[in-house]
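Student: What follows is a predicted protein model with its sequence.
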Amino acid sequence: MSILTRTFMLMLLLACFAAPSSAQDISGDELRSLDGQVQEIKSDVLDIASELSNLEERLLYPSNTQIAVFVSMDDDETFRLDAVQIEINGELATHHIYSFQELEALQKGGVQRVYTGNIVTGDHEVRVTMMGKLKSGKDFNASDSFAFAKGVKPKALGITLGGPGLGASGIQVGDW
Amino acid sequence: MGRAPLSVIGLLLFASLATSPSQSEELKDLYFGEALYYAHQGYFFEALERLDTEVKQHGEIDEPELDTLYYHIDDAEFSLGDFELRYRMHHRAGRAIKAVLEGAVDEVVRNDAAYRLARIHFQKNQIADALRALDRIDGKIPGSIRDDIEFLRANIYLAEGRAEDSIDVLKKLQDSDSFGAFAAYNLGIAYLQDNQRQAALEQLERAGQIITDDPAELAIRDKSNLVLGTIFLEDGENARAIPFLDRVRLDGPFSNQALLSSGWASMSIDSIDRAVVPWKILADREVTDRATQEAMLALPYAYGKLNVHGRAAIFYGRALGSFGAEVAKLNASIDSIREGKFLEALVREEIRKDKDWVIRLRSLPDAPETYYMMELLASHDFQTGLQNYLDLADLRRKLVAWGSSFDSFDEMVEIRQTHYDPLLPDVDTEFRELDSRMRLRIEQHKMLVQRRDDMLTKPQPKFLATREEQAILRRIEHIETQLEGSESPFAQLSMQRLARLKGMLTWTLETEFHDRLTKFDTNLRGLDGAMAILQEEYDQYIRARQAATHSFVGYDKPIKRLRGHAQKSIEKIDRLMARQGYLLELVAVEELIARRSRLENYGDKARFALADSYDRATQSQAKIEEQ
């Protein structure tokens, strides 16, 4: 087997490392040297983003009044979530319609922060309404209310949504 | 006729290296879950920002076992490395995973980390480092990555030129569910590299006949057949090449090259009419493809050989027309790139929402013909440069958007200060007065509690005397003092009466002590409740007062600092984008110039061949007329 043939075969196998044109050879080193600098600026901007989030939280949602509502999905393949609505003490907090990408992220185990706001310390009520479809194509809507207490620390409510199989209403709320 | 980009070749290798973000059985930390939510949607910047903050906060806690992230910390640190890798931050990803490797972690976790580190090094073409990382794997290996490790090891050996070692590893992977087809093909390549021609041919033949409906495995099957055909062609065994080239699917990513080679193989054995068939198919395909362009010249060449000069002339003419049009398109593309239209089109968000966005670029007005750059776009260095350019554009957009947040924050702080400044002095004065009264009451309460506690161990009935009883006692003691030293009968009598009165009072205090203590305790407990409410309201006020101050004090410096950082970052990004963009344009233009030269060369050939074909066709016609 000629050296040329072997080189060709290896190029096919490791095409991602092979340089297909002379034009690329010319600037490949420069492109690679820039890569390190791009990684540095990414790191810098991530730090800025982190500081900014912290600042934003302190300014807009002080810890003694902060409430965050998170949504996750139960492992229920018979149900497809379309939208969710959250009311706190009878007031609409948020309403969210899910894209395919978001739904997939929830189904893979992601948790969505659906609402961040402020409430006073004391006893409150959250009402969760979800809209979706069953595997049969039939609409599945459910609502449930849950009482919770807000202390001086930030409050996180974790809402788990599922089909008819999850509890009485298909909705569960946990304190975090 | 659609055409799969050559990037598929690269994807075949990378598809096997990609992993999903870690996911625990039962999620206990919502913030980790939030990071996963973003990562699962491909938003790695957001995922990193959240998870990095969460992991840092966890590290600063005195009792980390009380934090919910404690249950996922290994996963979280892995995911950090994973997200960094996916966000193309190899330096940080390597550091994150090395930290896990060097920490006191479980064997399974350490081996997983070593594998991930090896994968990073391999992707960066740091072969020796990749092998060193793999060598750290020892003991129990997670079942889910056992084959991944071995496949990576085989590829590293192959890249290092250790074909024999690679063969040993790949042989064991032949029955792997996830790597069977890849391993079969790679084993053939490893045999070739090891100069075992016969074994390579047999292995590639096996890889070229796998039964599957998986698109990636079908592509690797086609590739095996194409490589086999190419080997025979290069060795002059043209007849043997044909069946393998014909096995390549007509709609697969390697079909164009296979059709072209099949035609040449037939030509080489003088089976000209058979060469016409694949070239005819190919000549009608996407004109920007190298193989198609070659077929457009090869087809009339074959007709010429068949003495069908009239038809040859028609096809040469058609090729000439196409090449001219393509050269014009390439010139327009080169101009478009030089005018900066390529970079402008690249950063348009609406086009990037499509997974075939690079191909879609060609549909934009004034955008260059991207089909000519498919090979370039699929190359690792160009991809890295291109992705970096896009990432920089994204970062810039974010920083500019944050700029308006800083303005809003400034305004918000100012409004709050304007609101609170006139109110707070009066509130503070009133509070100071209330605060001193409150402190006094708190002290009194503390004293009463202390007294009760003392009386439980050392009874003091006098302490529980009523106000009236206390007044009587004081009066008796006063009179006793006055009568002290007097010898008069009245005084003696009065002293006796006073003693009786005192005795009665003492009797009452002593006998009622327990009842009184119980009542005192009950009242004190009632007071405890009231004091707790008071304390809570006091604390609440303090918090509200602090919150009022915190709502506008202490933000100036951080906002100013962040604004400065953001501005500097934008300037740095602009410089980097300019350099990165210039290089991308340079490489793209050079690629297009190379393709143009090739087309011009083809055009010259077509022009001469066209003239020749006309001559021959005319001569043939004349001969026929003469006869």
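Tutor: Everything's here; your move. On a predicted model such as this, the values are computed, not experimentally measured, just so you know.

Student: for the residue nearest the centre of chain A, what are its contacts?
Tutor: Nearest to the centroid of the C-alpha atoms of chain A, with distances taken as CA atoms, centre = their mean, sits residue A:112, at 4.5 Å. Counting by CB atoms under 8 Å, 6 or more residues apart in numbering or on different chains, residue A:112 touches A:70, A:71, A:72, A:96, A:102, A:105, A:106, B:34, B:37. From N, CA and C alone the C-beta is placed, and that goes for glycine too.

Student: So which of those are in strands?
Tutor: Among the contacts of residue A:112, the ones falling in strands (DSSP state E) are A:70, A:71, A:72, A:96.

Student: for the top helix by length along chain A, which positions count as buried?
Tutor: Counting residues, the longest helix in chain A under DSSP state H turns out to be helix A:22-60. The neighbour-count check on helix A:22-60 (16 or more other CB atoms under 10 Å in any protein chain shown) flags A:23-24, A:27-28, A:30-31, A:34-35, A:37-39, A:41-42, A:44-46, A:48-50, A:52, A:55, A:58-59 as buried.

Student: is chain B contacted by that helix?
Tutor: Yes. Helix A:22-60 comes into contact with chain B (CB under 8 Å from any CB of the partner chain), by way of A:22-24, A:26-28, A:30-32, A:34-39, A:41-56, A:58-59.

Student: Can you spell out the domain ranges of chain A, please?
Tutor: Domains of chain A are assigned by automatic domain parsing as A:19-59, A:66-175.

Student: Outside of the host helix or strand of residue B:119 itself, list whatever touches it.
Tutor: Per DSSP states H and E, residue B:119 falls inside helix B:107-123. Under the criterion CB under 8 Å, 6+ apart, residues B:17, B:19, B:74, B:78, B:81-82, B:85, B:90, B:93-94, B:97-98, B:100-101, B:105, B:127, B:129-131, B:133-134, B:136-142, B:145, B:148-149, B:152, B:155-156, B:159 lie in contact with helix B:107-123.

Student: what's residue B:286 sitting at in phi/psi?
Tutor: Torsion angles at residue B:286 (phi, psi; degrees, to the nearest 10) stand at phi -50, psi 120.

Student: Any chance of a markdown table for the domains of chain A, columns mean pLDDT?
Tutor: Below are the domains of chain A laid out as a markdown table (pLDDT from 0 to 100):
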| stretch | mean pLDDT |
| --- | --- |
| domain A:19-59 | 78 |
| domain A:66-175 | 90 |
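
Student: can you tell which of those is closest to residue B:420?
Tutor: domain A:19-59 (14.2 Å; CB to CB).

Student: What are the neighbouring residues in contact with the nearest residue to residue B:257 once chain neighbours are set aside?
Tutor: Distances taken as CB to CB, 6 or more residues apart in numbering or on different chains put residue B:291 closest to residue B:257, at 5.3 Å, once the chain neighbours are dropped. Shown in contact with residue B:291 (CB under 8 Å, 6+ apart): B:256, B:257, B:259, B:260, B:282.

Student: Now residue A:152: closest residue in space, sequence neighbours ignored.
Tutor: With CB to CB, 6+ apart as the criterion, residue A:152 has its nearest non-adjacent residue at 5.0 Å, and that residue is residue A:64.

Student: what secondary structure does the one you found sit in?
Tutor: Under DSSP: H, G, I helix; E, B strand; the rest coil, the three-state class of residue A:64 is coil.

Student: So residue B:125, which state does it fall into?
Tutor: Using three-state DSSP, the structure places residue B:125 in coil.

Student: Now do the same for it: its pLDDT.
Tutor: pLDDT, residue B:125: 78.

Student: do the same with residue B:2
Tutor: Looking at residue B:2, its pLDDT reads 32.

Student: Kindly report the same for residue B:579.
Tutor: The model reports residue B:579 with a pLDDT of 92.

Student: is it true that it touches residue A:34?
Tutor: Yes. Counting by CB atoms under 8 Å, residue B:579 touches residue A:34, with 6.1 Å between them.
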